[in-house]
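>>> Here is a sequence together with a model predicted from it:
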Amino acid sequence: MNKTFVILLLLCYSSVFSQTFKSGNGPTSSSNHKTITLTKDALQDKIKGGWAGQTIGVTYGGPMEFRYNGTLIQEYQPIVWYDGYLKKTMTENPGLYDDIYMDLTFVDVLEKEGLDAPVSSFAKSYANAGYALWHANQVGRYNILHGIAAPESGHWLNNPHADCIDYQIEADFAGLMSPGMPNTASQISDKIGHIMNYGDGWYGGVYMGALYTLAFTSNDIKYIVKEALKTIPAKSNYYQCMSDVIRWHEQYPNDWKQTWFEVQKKWTSDTGCPDGIYKPFNIDATVNSAYVIIGLLYGNSDFGKTVEIATRCGQDADCNPSSAAGILGTMLGYSKIPPYWKQGLKEVESLDFKYTTMSLNEVYDIGLKHALQQITSNGGKVVGNNVTIQLQQPQPVRLEQSFGGHFPAKRLNVNKPLKDEYTFTFDGNGFVVTGETAKWDSKSEYVCKAEIYLDNKLLETVELPTSFTGRRPELFWKYKLPNGQHSVKIKLLNPTPENTCQLGDIITYSDKPMPTVAGK
């Protein structure tokens, strides 16, 4: 036989083989191929690994949540883990699992209404749920309940927390039901993520979803971290921050703390979230996503190292290890999560998460069902026990930017009850008035009402519920004003002795960064 012919025959065979291959617990090649084939058992093992990993990660990091802001958690600080800890936490501190029960809210809508359920169903379901929410989620809920529908409910002009982490911690389901299909996950995130987020806050969910999808197709952490980033517009701050982390990991491959310090120096100046401006607190999706991939890259596929590093980065130190452990759990599969980290898991898999009628065991099965539906809807097929997935090359979603042209100028502490009227003036192009009308766990049905005047003209009449689940996290705000002098008057229309509208801080913005004062 001619040597040249043999070489051509081998090349041809190699090319055909690379298009479709079978896997036990998961393929080791990259997702540049057109299809992959897994058994149903292998697919379910990965889906279970994703949901179990999330649950393990959020439980482990729970005691550290926002206790270490602007600092990493040193190794001598113990973080507990023992047999029975999962059950103790799930029964005694069920509110910790917002990472999970928010996902399950959306999974439940998909189960009841199908993959084409309208965005209004997702918005209504979460807005009327009984659990407490914060930041972008709570503003989104308030907006939905007051007639501002998605996507405007998550837009930064209507939501001061648009860049916060919220959808990032809820997007796991979108990736887990879209194995090998990052663009399909992005479509889900476009619909649901804009209920509560916009811009970098939305990108956090898009990127996490893409990481999950690619964890089904590759065992190479470095590869999926880079490949998933193709779903994010290169001009966005979010993309640039993740690119920096990847580059710093290459520069300091054995020192995660050095990369943490680089992130701290360059990316921790929050301009959106009112709770983080002029404070070390940072719930911005960009920074916390950086901590997730620091955990993944420096964990190097070791489950324990990944969870611990993501936690010790601080800030949202339960959500970040939850995302990292969920992604790695998907890559490894449930069966390969080390027994140490699964201790006590069997005890809780049949327990419904609070505020839901769904347990881990149920979502394992529903997750497989939805994944199979997505696979067949996107060009794949199921034949017997084999599942062939039509792989997608990641494509960037559209460019969005929150708070463009808005730079924090001042933060004034007011800290007084609004009894009738309050006025202030400022020089700039935007403002936020923080405060509260609802104490924790309040179920009051009373609604405070206030008028806000800007430059002597009525800007808005605002309803301020006194129930905690219905509250407006920030009392008043307005962006994109002509830069210059403005006056604001707030008038409480229905004061009562029993219901207090407490003013907190006034944050003002300018159209240019404030000058740095040095030498004092």
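That came through fine. Residues are numbered from 1 along each chain as shown.

>>> What residues are bridge-paired with I490?
Beta-bridge pairing for I490 (DSSP bridges): Y422, I452.

>>> can you pull the contacts of it?
Neighbouring residues of I490 by Cβ atoms under 8 Å, 6 or more residues apart in numbering: L418, E421, Y422, T423, V433, A450, E451, I452, Y453, L475, F476, L503. (Each C-beta comes from the backbone N, C-alpha and C, glycine too.)

>>> tell me the pLDDT at A162?
For A162, the pLDDT comes out at 98.

>>> Surely it and G154 touch.
Yes - using Cβ atoms under 8 Å, A162 is in contact with G154, at 6.1 Å.

>>> Are there residues contacting both of those two? Which ones?
A136, N197, Y198, G201.

>>> Top of these by number of neighbours, please.
Using other Cβ atoms under 10 Å as the neighbour criterion, N197 leads the shared contacts of A162 and G154 with 39 neighbours.

>>> That one looks like it's in a strand, true?
No - N197: not assigned to a strand; according to DSSP: H, G, I helix; E, B strand; the rest coil it is coil.

>>> For it, which non-adjacent residue is closest in space?
The spatially closest residue to N197, leaving aside those adjacent along the chain, is Y167, at 4.4 Å (Cβ to Cβ, 6 or more residues apart in numbering).

>>> which residues does the one you found contact?
A136, S189, I192, G193, I195, M196, N197, G201, W202, G204, G205, A285.

>>> hmm, try it at 7 Å
Going by Cβ atoms under 7 Å, 6 or more residues apart in numbering, Y167 touches G193, M196, N197, G201, W202, G204, G205.

>>> If you rank those residues by neighbours, which is first?
N197 leads these on contacts (other Cβ under 10 Å) with 39 neighbours.

>>> wait, that one sits on V139?
No - contact between N197 and V139 fails when scored by Cβ atoms under 7 Å: they sit 9.9 Å apart.

>>> Let me know the closest of the shared contacts of A162 and G154 to L464.
A136 (18.5 Å; Cβ to Cβ).

>>> element containing the closest one?
Secondary structure assigned from DSSP states H and E places A136 in helix 135-145.

>>> List the contacts of whichever helix or strand comes after that helix.
Following helix 135-145 in sequence order, the next helix or strand is helix 172-176 (DSSP H and E). For helix 172-176, the external contacting residues (Cβ under 7 Å, 6+ apart) are 47, 50, 54, 103, 106-107, 185, 188-189, 208-213, 326, 330, 367, 371.

>>> Which one of the contacts of Y167 is nearest to N499?
Ranked by distance to N499 (Cβ to Cβ), those are led by M196 at 26.8 Å.

>>> The closest residue to the closest one other than its chain neighbours - how many residues pack around it?
Among residues not flanking M196 along the chain, G140 sits closest, at 3.3 Å (Cβ to Cβ, 6+ apart). Close neighbours of G140, defined as other Cβ under 10 Å, add up to 29.

>>> do the same with the one 3 residues further on
The number of residues packed near N143 is 23, by other Cβ under 10 Å.

>>> next one: E152
E152, neighbours per other Cβ under 10 Å, totals 16.

>>> who touches it in this structure?
So E152 contacts N158 (Cβ under 7 Å, 6+ apart).

>>> redo that, cut-off 10 Å
Going by Cβ atoms under 10 Å, 6 or more residues apart in numbering, E152 touches N143, I144, N158, N159, H194, I195, Y198.

>>> What separation is there between it and A438?
Using Cβ to Cβ, to the nearest Å, one gets 24 Å for the distance from E152 to A438.

>>> ok, now L115?
36 Å.

>>> what about those two, which has more around it?
Between L115 and A438, counted using other Cβ under 10 Å, the more crowded position is A438 (23 against 12).
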